[in-house]
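[1] A structural model of the following input is requested.
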Amino acid sequence: MIRPMPSEPRRILIVRLGAIGDVARVMPMLAGLRRRFPQAEIDWVVQSKAADLLAGHPEIAELWVVPFRSWREALSPAAWRLRRAMRARGYDLVLDFQGMIKGAVWAVAAGGRGVRVGWGPGHSQNLAWLWYHGLRTPPHRRVNRHLRHRALVDWLGVPDVPATPPPLAAAQGGEVEAFLARIAAEPRPWIVVWPGSSRTGSHKRWQPGRLREAATAIRSRTGGTLLVGWGPAEKEEALALAAEIPGALPLPATTIPELAVILGRADLYLGMDTGPMHVAALLGTPTVGVFGRSDPEIHGPAPHLPGRAVAGPEAREWKTRARKGLPPFHEPDPAAVVEAALDLLADAARTASAASRETAG
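    Next up is the predicted model:
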């Protein structure tokens with residue numbers, strides 16, 4: 001460590017710009033920092049696409065939203081104003097979970113006397129490690145993101161605690177409230193199925209027929225209700241899946257906080273390695289992640305969360321160029337996904353029963 005840091009930092013900045021799933025997986029570190037440094041003000045710098053997940057969070061003193069995506073906009077007057085405002089906060093500690101130049105830029109922008117800590121060589125991209133005062137090393141390269149992020153804070157004595165959920169927006173008088181009222185009498189379990197992914201994550205999609213087979217079997221064996229979710233540019237795919245499964249209901253359009261309300265009330269989430277999967281896991285909703293072209297060891301639900309990762313033979317980290325334009329993956333076998341879902345539901349039922357007995361006793 002080149003610069004000394006106060007034993008009790010007054011102001012801490014978290015750098016994790018996006019995407020939604022990545023931000024969700026850093027939120028347990030926020031909770032741990034708050035527990036370790038109860039008097040500190042903890043800020044976060046994030047891109048606008050994931051800001052809704054953090055807006056109004058009780059553990060964040062100041063949320064800095066980067067309102068642009070291109071490097072050209074990074075030199076705009078708005079960018080300079082944001083830098084000046086961040087620098088005025090006078091951070092003692094800056095923790096860069098991004099591990100890329102685009103994150104290091106904002107770690108440096110915070111400026112002042114702050115000690116910048118990030119990933120060392122081999123664990124950061126674009127030589128971002130040259131911008132840090134302190135370097136941390138994850139246990140190894142192929143490690144769950146939760147354990148990787150722990151390595152950036154464990155030297156501070158930060159406890160490993162569950163994340164504080166994002167503020168659950170009250171859907172007052174809106175379409176989400178009307179939807180929840182409409183399905184209130186629908187049979188449990190409520191199973192959210194998410195067939196889509198972002199445009200850049202199209203290689204993570206499971207073949208629609210295989211997803212339909214798994215979802216239909218889960219519904220048949222549980223007697224529950226399928227709720228089909230979708231995000232921007234995914235509505236057509238979601239409506240097509242809902243139309244092919246008797247009784248399935250598409251979710252309405254939602255903001256991230258509104259989606260969190262629905263996911264928090266669901267009994268099971270089924271989807272691929274996308275942002276909604278990580279938000280569902282964060283909320284403690286039993287989650288089945290289907291991995292075809294990303295590494296479940298790295299991107300699966302954290303070990304302490306109620307989740308299962310079901311992977312096919314191509315489930316590994318793919319280079320950007322190699323995965324571009326790939327069709328939806330075929331494996332794993334839908335039967336394995338169904339069994340994982342039923343096991344999770346059974347585990348949840350046992351946990352609820354044990355909690356009920358403990359309360360009654």
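[2] how close does residue 102 sit to residue 238?
    31 Å (C-beta to C-beta, to the nearest Å). C-betas here are computed from N, CA, C, even on glycine.
[3] As a check, name the ranges of all helices in the protein.
    Taking DSSP state H, the helices of the chain run over residues 20-36, 48-51, 77-87, 101-110, 145-153, 175-182, 208-222, 235-244, 256-265, 275-282, 296-299, 320-323, 334-360.
[4] Format these as JSON lines; extra columns: mean pLDDT.
    What follows is these, written out as JSON lines (pLDDT from 0 to 100):
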{"stretch": "helix 20-36", "mean pLDDT": "96"}
{"stretch": "helix 48-51", "mean pLDDT": "90"}
{"stretch": "helix 77-87", "mean pLDDT": "88"}
{"stretch": "helix 101-110", "mean pLDDT": "88"}
{"stretch": "helix 145-153", "mean pLDDT": "95"}
{"stretch": "helix 175-182", "mean pLDDT": "89"}
{"stretch": "helix 208-222", "mean pLDDT": "97"}
{"stretch": "helix 235-244", "mean pLDDT": "94"}
{"stretch": "helix 256-265", "mean pLDDT": "92"}
{"stretch": "helix 275-282", "mean pLDDT": "95"}
{"stretch": "helix 296-299", "mean pLDDT": "94"}
{"stretch": "helix 320-323", "mean pLDDT": "80"}
{"stretch": "helix 334-360", "mean pLDDT": "89"}
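[5] Which stretch among those helices is buried most, on average?
    helix 275-282 (a mean of 28; mean count of other C-beta atoms under 10 Å).
[6] By residue count, which strand of this structure is the longest?
    strand 41-47 (DSSP state E).
[7] I'd like the distance from that strand to the chain centre, please.
    Here strand 41-47 is found 16 Å from its chain centre; the criterion is C-alpha atoms, centre = their mean, to the nearest Å.
[8] Average pLDDT for that strand, rounded please.
    Taken as a whole, strand 41-47 carries a mean pLDDT of 96.
[9] Given it, what are its sheet partners and their directions?
    According to DSSP bridges, strand 41-47 forms sheet pairs with strand 11-15 (parallel), strand 62-66 (parallel).
[10] so the last one versus helix 101-110, what angle?
    Orientation of strand 62-66 against helix 101-110 (axes from the mean of the first three to the mean of the last three C-alpha atoms, to 10 degrees) gives an angle of 130 degrees.
[11] give the contact list for the residue lying closest to residue 137 once chain neighbours are set aside.
    Spatial nearest neighbour of residue 137, excluding adjacent residues (C-beta to C-beta, 6 or more residues apart in numbering): residue 120 at 5.1 Å. Applying C-beta atoms under 8 Å, 6 or more residues apart in numbering, one finds that residue 120 lies in contact with 129, 135, 136, 137.
[12] ok, the first one touching residue 107?
    No. Assessed by C-beta atoms under 8 Å, residue 129 is found out of contact with residue 107, at 11.4 Å.
[13] can you tell me which residues contact the residue nearest the centre of the chain?
    Geometric centre of the chain, nearest residue: residue 21, 2.5 Å, by C-alpha atoms, centre = their mean. Applying C-beta under 8 Å, 6+ apart, we find residue 21 in contact with 273, 274, 275, 276, 277, 278, 279.
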